[in-house]
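Undergrad: For reference, the sequence and a predicted model appear below.
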Amino acid sequence: MMILSRLLGCQEQLGFLHQSKEELTDSHPVVCNRNILVELEEGVGVAVMKMKSPPVNSLSLDFLTEFSISLEKLENDRGCRGVILTSAVPKIFSAGLDIKEMCGKSAEHYAEFWRAVQEMWLKLYKSNMVTIAAINGNCPAGGCLMAVSCDYRIMAENPKYSIGLNETQLGIVAPFWFKDTIANTIGHRATERSLQLGLLYSASDALKIGIVDELVPEEKVLNAAAATMSQWLAIPDYARQISKSMMRKPTLDRLLTHRESDIQNFVSFVTKDSIQKSLQTYMESLKQRKG
Ligand SMILES: CCCCCCCCCCC/C=C/C(=O)SCCNC(=O)CCNC(=O)[C@H](O)C(C)(C)COP(=O)(O)OP(=O)(O)OC[C@H]1O[C@@H](n2cnc3c(N)ncnc32)[C@H](O)[C@@H]1OP(=O)(O)O
């Protein structure tokens, strides 16, 4: 019930009611949401989802809810066959899960938050559409999960940007389905090293290890994503979708089977004093780094 009311509440925030005439054209209907801008190029059947939640596109409960609703709308739109996921915030793809959602809140809040994280991943990983991440900035932890859940990743070749699952550096643990998703991308051995050490890879190392598929100059990331999209869309949808599902279903089913226990694990993990302390210390270190 709580989730339903949040979804309904969010649908109002989604801004379908607030579109101006300038934002709606025949060829590029744009939906300006609070955290995500969705632009559907109807003739081509491709939507660009631009995350725009400054300063760092952190994945808050509101953001995740909006993301899942937006993606579902595109999924149900027969005119949309592909999605490019990118950021409208300079230098940041996404800073991952919003740490504030995991600090000093109630057990009920943690459960609701974690269900929203699961939902985002389930929707993205099982999408029938072609999904391409155009990674135009830093991409740690939950940001990396989003990227590796797409079918293809193009990253800006900027030495300042990094990508990876750095959870252990915060004193927390990437859950099994984060692990499965990255292992499906880079293999078991590289995942073991990557997860234990909480490695963040530079763009060039990310290409070498296979977390990303291609590097291009920053200003070309979106064009490169559009070019790759047209190659993938040249394949008949039905054949491609069945192939995708064959590869991903066992991983999806594993979370679907264990969804409630995964939420309980998260809640009991994150409510531990030691974990709360680690997260708070990490947030403080982020603030101090600035000064
Ligand atoms: C037994 C097993 C059981 C398992 C159960 C599950 C266990 C839990 C699993 C949880 C999985 C977690 C996944 C995650 O995604 S955790 C988040 C990890 N993210 C990070 O480590 C990134 C942190 N951020 C950065 O490194 C930098 O901010 C970044 C490189 C992204 C950008 O740097 P920049 O210099 O541009 O910006 P600032 O650092 O100054 O940040 C600006 C403000 O934003 C705040 N901030 C940054 N990141 C976050 C975040 N992830 N959540 C919330 N807030 C964030 C930062 O503090 C600054 O705020 P102020 O302006 O107020 O100081």
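TA: Done, it's in.
Undergrad: drop to CA atoms for contacts and neighbour counts, all remaining ones
TA: Fine.
Undergrad: where does the chain come near the ligand, residue by residue?
TA: Residues of the chain that fall close to the ligand, judged by CA under 6 Å from any ligand atom: 55-56, 58, 95-100, 138, 140-142, 167, 172-175, 265-266, 269, 283, 286-287, 290.
Undergrad: Whichever of the residues you listed end up buried, select them in ChimeraX.
TA: Selecting just the buried residues from the residues of the chain next to the ligand in ChimeraX takes one command, with 16 or more other CA atoms under 10 Å as the test:
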select :56,58,95,96,97,98,138,140,141,142,167,172,173,174,266
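Undergrad: Helices - which of the residues of the chain next to the ligand land there?
TA: Those of these mapping onto helices are 142, 265-266, 269, 283, 286-287, 290, per DSSP state H.
Undergrad: ok so Val83 is a helix residue?
TA: No - Val83 is assigned strand when assessed by DSSP: H, G, I helix; E, B strand; the rest coil, not a helix.
Undergrad: close enough to count as contact, it and Leu124?
TA: No - counting by CA atoms under 8 Å, Val83 stays clear of Leu124, with 10.0 Å between them.
Undergrad: higher neighbour count, those two?
TA: The residue with more neighbours, out of Val83 and Leu124, is Val83; 27 against 23, by other CA atoms under 10 Å.
Undergrad: Now distance to Arg115 and pLDDT too, for the ones in helices among the residues of the chain next to the ligand, in CSV please.
TA: Output for these, formatted as CSV (distance: CA to CA, whole Å; pLDDT from 0 to 100):
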residue, distance to Arg115, pLDDT
Gly142, 14, 98
Asn265, 12, 98
Phe266, 10, 98
Phe269, 15, 97
Met283, 23, 95
Leu286, 26, 93
Lys287, 28, 90
Lys290, 32, 70
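Undergrad: which of these sit farthest apart?
TA: With distance counted by CA to CA, no two of those lie farther apart than Asn265 and Lys290, which are 33.1 Å apart.
Undergrad: residue contacts, Met229?
TA: Applying CA atoms under 8 Å, 6 or more residues apart in numbering, we find Met229 in contact with 82, 130, 132.
Undergrad: what's the closest of those residues to Leu256?
TA: Lowest distance from Leu256 to the contacts of Met229 (CA to CA) belongs to Val130, with 22.0 Å.
Undergrad: What segments of the stretch 151-291 of the chain are strands?
TA: Here the stretch 151-291 of the chain has its strands, by DSSP state E, counting those that start in this stretch, at 152-156, 162-164, 201-202, 214-216.
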